[in-house]
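Peer 1: predicted model and sequence follow; I will ask about them next.
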Amino acid sequence: MQKLVEVRKRATTVKSIRSVASTMATVASAKLSRARERAAGMRVYAERMREVVRRQQAAAAALGVDLAALSPFLQPHAETHRVLLLHISGDRGMCGSYNSAIDRLAEVFVSERLAEGVEVSAIAKGLKGAKYLRRRTAATVVDAAGWPRAGVIAQELDALSERLSQAFLSGEADEVWCTYTRFYSPMRRYPTLVRLLPLRFEGVGAAAGAVTGEATRWFFEPDLATVLTELLGVFLRLQIEDVLLESYASEQGARMITMEEATERADRSLQELTVAYNRLRRELITSDLIGVLFASALREDERAAGAGEA
């Protein structure tokens, strides 16, 4: 009887776990659907912005203008003594290896930079990552924030973009890097390291050939440096929004897959427990029947012995 009660209690616990896991998988799936749409749209928009900036750089190159002198966002510092890392992780677990993978990448980056004699400070987006950086690395966590319920919001993007750009322009950081998880599908996501500042664009030389000639002359108002600096500020914000959306979609995808697997394991455990419960119940019923039959046989023997004596 004791084993039967234990199996029943364990089955009740597994049912509760299955209910929680199934609910979390459903919620993560809904969040992933919205985040994936935003991330896909942001990729297209960011690529268009890159094309616009490349064309402006190419126009400047065709005129013989120093590209790095056009905007402080493009100009690298003479030496790299201080690095600011934007580390993006999750607030909670229950998402497989999502947090551990990106945390290990950040740890390797911090270790390599410290070995080079570079001072590393970090802004952690996600409470799990902030805790990991403080516990496992020598990086100074200057700021840490969790995720709002809505995911990626405009106010947070504006504040974070301003924080990172001011850190670079004021000399607080010579370079700004970001560790985030790039999203491809719920099953495919890759920890990624990218430099945010100073900005760097590939293919400027090839684009410069496309803007030479009378038909491709550009006119700027008020001037090229002002226009390009404004574009680069917008592009930096787009980059930050892109990495946040990619990371948020990756986390929800990882949680959805993990909770679906947990639901499947709970179903298997419930099936095994149901079989075990039914087997124990049959054994208990069989034992009770044997006891009843044995008692009945004893009574029959007693009656037969009493009749023989009479």
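Peer 2: Now that the structure is in, tell me what you want to look at.
Peer 1: name the nearest residue to Pro198, sequence neighbours excluded.
Peer 2: Pro76 (4.8 Å; C-beta to C-beta, 6 or more residues apart in numbering). All C-beta spots, glycine's among them, are computed from the backbone N, C-alpha and C.
Peer 1: phi, psi for the one you found please.
Peer 2: Backbone torsions of Pro76, given as degrees, to the nearest 10, read phi -70, psi 150.
Peer 1: can you report how many residues lie near it?
Peer 2: Neighbours of Pro76 under the rule other C-beta atoms under 10 Å: 13.
Peer 1: can I assume it is in contact with Phe168?
Peer 2: No - here Pro76 does not reach Phe168: they are 10.2 Å apart, not a contact under C-beta atoms under 8 Å.
Peer 1: hmm, back to that, against Ala68, how distant is the residue nearest to Pro198?
Peer 2: 7 Å (C-beta to C-beta, to the nearest Å).
Peer 1: per-domain residue ranges of the chain.
Peer 2: Taking automatic domain parsing as the reference, the chain has its domains at 2-20+262-309, 25-261.
Peer 1: most tightly surrounded among those?
Peer 2: Ranked by mean neighbour count under mean count of other C-beta atoms under 10 Å, the domains of the chain are led by domain 25-261, which reaches a mean of 17.
Peer 1: for it, measure first residue to last.
Peer 2: 9 Å (C-alpha to C-alpha, to the nearest Å).
Peer 1: got a pLDDT number for the residue most central in space within the chain?
Peer 2: Nearest to the geometric centre of the chain sits Glu251, at 3.3 Å (C-alpha atoms, centre = their mean). For Glu251, the model assigns a pLDDT of 95.
Peer 1: host element of it?
Peer 2: Following DSSP states H and E, one finds Glu251 within helix 224-309.
Peer 1: packing partners of that helix?
Peer 2: Other helices and strands packing on helix 224-309, by 3 or more C-beta pairs under 8 Å, 6 or more residues apart in numbering; DSSP states H and E, are helix 2-62, helix 67-70, strand 82-88, helix 98-115, helix 154-169, strand 175-183, strand 189-197.
Peer 1: mean pLDDT for those: which is lowest?
Peer 2: helix 67-70 has the lowest average pLDDT among those, namely a mean of 72.
Peer 1: residues in contact with Leu231?
Peer 2: Contacts for Leu231 (C-beta atoms under 8 Å, 6 or more residues apart in numbering) come out as Met49, Val52, Val53, Gln56.
Peer 1: which one is Leu84 nearest to, not counting chain neighbours?
Peer 2: Here the nearest residue to Leu84 in space, its sequence neighbours aside, is Ala173; by C-beta to C-beta, 6+ apart that works out to 3.6 Å.
Peer 1: the one you found contacts Ser121, doesn't it?
Peer 2: Yes - Ala173 lies in contact with Ser121 (C-beta under 8 Å); the separation is 7.2 Å.
Peer 1: now for those two: what residues contact both?
Peer 2: Residues touching both Ala173 and Ser121 (C-beta under 8 Å, 6+ apart) are Arg82, Val83, Leu84.
Peer 1: and which of those is nearest to Leu245?
Peer 2: Among these, Leu84 lies closest to Leu245 (C-beta to C-beta), at 20.9 Å.
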